[in-house]
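> model the following, please.
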Amino acid sequence: MNGHDERPYPARPARRYANPITPFRVFVCVSLSLLVGLHMYAYLWGPHDISTSISDVKYFVMQLSREISQVHRKHERLQSEVERVSSALPVVAAAAGRAKEALRPSPAGSLLSLADYDRQMGDFALESAGGRVLDTGDTEGYFHYDGPVSWALHELTTWACHECQAARAVIQPGTLPGQCWAFKGDRGQVVIRLLATVHITGLSLEHIPPHIDPTREILSAPRQFQLEGLKSRTDASPHDFGVFEYNKNGNPIQYFDVTWPASQGFSIVRFKVLSNWGHPVYTCVYRVRVHGDLLLGQAPRSHVTVQEEARIDNG
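Numbers count the residues shown, from 1 in each chain. Below is the predicted model:
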């Protein structure tokens, strides 16, 4: 002990400093409260015209209603346009499909149903363009006689005309019921001179559809048939383009690519019917078309003299 009192002095309490942010917050809250109070007083008890405020609100509501009505009308017009376009789309799609099918090359044996078929594919056997029926071989035509007079007229016409008047129907455009070449049985042939020398690529056979036939059946339609190319009318070794079959349940006009193309062109062809679809008495051929490419240097025959006719027909 050194005589000094070593008891510790009591600790001094920490000095507390005032927060300078608190007065500012108080000031802001008080100022805002006064401003809000003054505004409420002016709005509730101040000398302002409340009818003006109501009119302004009414005006804005009317403007908003008008804009909404315009938007609604535009929406209705747009909806009607969408419906109109939607209704037109199937028609456009169908037209595009028809155009696509018309422009697409037809494979062998395909069925064609074109209202304007002859404008799509050239027919070198057409009589009005220069084709001609030369003979029908030993094919016996079928004719329904109403009496002795009609029989006599038919026999006289057959004897006087050597161009096979009945068989000419196969190279003429008419294809109404009865406008055909009818022959007895299910086998027959017709020799056709084309309008020029042609590199043959295909042929078409046409028959009436069942729904316009009086019997609702086309059993007299050819079934299997053959096309041959002849160097002359009496050619003993013709070129065989192939044997084809007409589908009686298909489209009226049916196109067939030749099975065995020829390197040379032909101006005479022979169309042979090998069977029909079951008619026991006769067969009807409505229209035969021959398609291909005209050989270079060959012009269609428009005017042929009698001497030229004999030379061409006899080879």
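
> what about the helices in the protein?
Taking DSSP state H as the test, the helices found in the chain are 21-44, 50-103, 117-120, 148-160, 306-314.

> what mean pLDDT does the longest strand seen in the chain get?
Longest strand of the chain, by residue count under DSSP state E: strand 188-206. Over the span of strand 188-206, the pLDDT mean works out to 95.

> and it, what's buried?
For strand 188-206, burial by neighbour count (16 or more other Cβ atoms under 10 Å) applies to 188-200, 202-206. Heads up, the C-betas are built off the backbone N, CA and C, glycines and all.

> would you put the C-alpha positions of it in CSV?
Output of strand 188-206 as CSV, limited to C-alpha atoms (Å, rounded to 0.1, in the frame of the first residue of the first chain):
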residue,chain,number,x,y,z
GLY,A,188,-62.6,-55.3,-134.0
GLN,A,189,-60.0,-53.0,-135.6
VAL,A,190,-59.8,-49.7,-137.4
VAL,A,191,-56.9,-48.3,-139.5
ILE,A,192,-56.4,-44.5,-139.2
ARG,A,193,-54.2,-42.3,-141.2
LEU,A,194,-52.8,-39.5,-139.1
LEU,A,195,-52.6,-35.9,-140.3
ALA,A,196,-48.8,-36.2,-140.7
THR,A,197,-45.8,-38.4,-139.7
VAL,A,198,-45.7,-38.4,-136.0
HIS,A,199,-43.4,-39.8,-133.3
ILE,A,200,-46.1,-41.5,-131.2
THR,A,201,-45.8,-41.2,-127.4
GLY,A,202,-49.3,-42.0,-126.2
LEU,A,203,-53.0,-42.5,-126.9
SER,A,204,-56.3,-41.7,-125.2
LEU,A,205,-59.5,-43.6,-125.2
GLU,A,206,-62.8,-42.0,-124.4
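
> list the pairing partners of it within its sheet, with orientation.
Partner strands for strand 188-206, per DSSP bridges, with pairing direction: strand 132-135 (antiparallel), strand 253-257 (antiparallel), strand 266-273 (antiparallel), strand 287-294 (antiparallel).

> got the CA coordinates for the last one in PDB?
Just to be clear, that refers to strand 287-294. Extracted C-alpha coordinates of strand 287-294, given in PDB (Å, rounded to 0.1, in the frame of the first residue of the first chain):
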ATOM      1  CA  ARG A 287     -63.100 -41.600-129.400                       C
ATOM      2  CA  VAL A 288     -59.500 -42.500-130.100                       C
ATOM      3  CA  ARG A 289     -56.800 -39.900-129.800                       C
ATOM      4  CA  VAL A 290     -53.200 -40.300-130.900                       C
ATOM      5  CA  HIS A 291     -50.600 -38.100-129.200                       C
ATOM      6  CA  GLY A 292     -46.900 -37.500-129.900                       C
ATOM      7  CA  ASP A 293     -44.600 -35.100-131.700                       C
ATOM      8  CA  LEU A 294     -44.700 -34.000-135.300                       C
END
